[in-house]
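[1] Predicted coordinates and the sequence they were generated for:
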Amino acid sequence: MTEAERLEIEDPGMNGGYINPPAIKRQHRDPYGDWWDKQERRNYGEPVHEDNDILGMLSPYDYTHFSAGWGAVLLGTFVAAVFGLAGAVSLVYPDKVSVPKEYEDGLEAELGGPRAVRARKQGEEAFTTPLP
């Protein structure tokens, strides 16, 4: 038997025989219990786990409000609601102004002279695209 095996048999966990309590996060203990230390939710003389820095109240919080599956359902519902609202607005939102703007002489001089692409003259048909 090697020295390491003998030491493991004599002192399992190699913590000097310290009585290690179960690894339960203090956050999951009863917050309304009659604790000696109310913030850390522990009593006087209670042994502390050797991983107390991970299991204590000041360690990162375990998020246990709902599961990942229910979170996906909530996220999917939100996305569907946003796209549903956007679709409903796109059905009733006007695509163009009700009366197109017209310019006298089509702003020929302002747009660069007689050879320039001009805006509509008064009375000309407005360019329209068919709606889907």
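    In hand now; what should we look at?

[2] Look up the closest residue to residue 31, ignoring the ones flanking it.
    residue 41 (7.0 Å; C-beta to C-beta, 6 or more residues apart in numbering). Every C-beta, even on glycine, is put in place using the N, C-alpha and C of the backbone.

[3] from what I can see the one you found touches residue 28, true?
    No - at 9.2 Å, residue 41 does not count as touching residue 28 under the criterion of C-beta atoms under 8 Å.

[4] where does residue 59 fall, phi/psi-wise?
    phi -80, psi 170 (degrees, to the nearest 10).

[5] what about it, how many neighbours?
    Residues within reach of residue 59, counting by other C-beta atoms under 10 Å, total 14.

[6] Could you name the specific helix or strand carrying the nearest residue to it once chain neighbours are set aside?
    Nearest non-adjacent residue to residue 59, counting by C-beta to C-beta, 6+ apart: residue 53, 6.6 Å away. Under the criterion of DSSP states H and E, residue 53 resides in helix 52-55.

[7] Contacts for that helix, please.
    By C-beta atoms under 8 Å, 6 or more residues apart in numbering, the residues outside helix 52-55 that reach it are 23, 24, 25, 26, 49, 59.

[8] in that helix, what's buried?
    52, 55 (16 or more other C-beta atoms under 10 Å).

[9] from here on, count from 710
    Fine by me, first position is 710 from now on; the one you just mentioned is helix 761-764.

[10] and after it, which helix or strand comes next?
    helix 777-801.

[11] Rounded mean pLDDT for that following helix, please.
    Averaging pLDDT along helix 777-801 yields 95.

[12] for the protein, what are the low-confidence residue spans?
    722, 806, 814-815, 817-818, 820, 825-829, 831, 835-841 (pLDDT under 70).
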